[in-house]
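> build the 3D model from these lines:
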Amino acid sequence: MVKLILRNQEFEVKAGMALLDALKKSNIVPEAVIATRNGEMITEDEILKDGDVIKLVAVISGG
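Take a look at the predicted model:
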């Protein structure tokens, strides 16, 4: 399993799927977050591996 952490929430998804699919499955808007694994930013097409912990940082935009 892969853990997605956004603020105080944790989501678990299956390993082997792309980050983009994992976000959609967890009802997280991909454009609204930046994903990091082990402190490094990862892209939406990154394949998630078993045991990964992905930290999601909310992106705040304003004008």
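> now Glu10: how far from Thr36?
Taking Cβ to Cβ, to the nearest Å as the measure, Glu10 and Thr36 are separated by 15 Å. The way it works is simple: take the backbone N, C-alpha and C, and place the C-beta from them, glycine included.
> the more surrounded of the two?
Set side by side, Glu10 and Thr36 show more neighbours around Thr36, with 15 against 11, by other Cβ atoms under 10 Å.
> what sits against the more buried one?
For Thr36, the contacting residues are 42, 54-57, by Cβ atoms under 8 Å, 6 or more residues apart in numbering.
> again with Phe11
With contact set as Cβ under 8 Å, 6+ apart, Phe11 has these partners: 3-5, 22, 26, 28.
> ok, of the residues you listed, which one's closest to Ala15?
Among those, Ala22 lies closest to Ala15 (Cβ to Cβ), at 9.5 Å.
> is it true that the closest one touches Leu48?
Yes: look at Ala22 against Leu48 with Cβ atoms under 8 Å: they come within range, at 5.9 Å.
> identify the contacts common to these two.
With contacts taken as Cβ under 8 Å, 6+ apart, the residues that reach both Ala22 and Leu48 are 2, 13, 54.
> would you turn those residues into JSON lines with secondary structure?
Conversion of these to JSON lines gives the following (DSSP: H, G, I helix; E, B strand; the rest coil):
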{"residue": "Val2", "secondary structure": "strand"}
{"residue": "Val13", "secondary structure": "strand"}
{"residue": "Ile54", "secondary structure": "strand"}
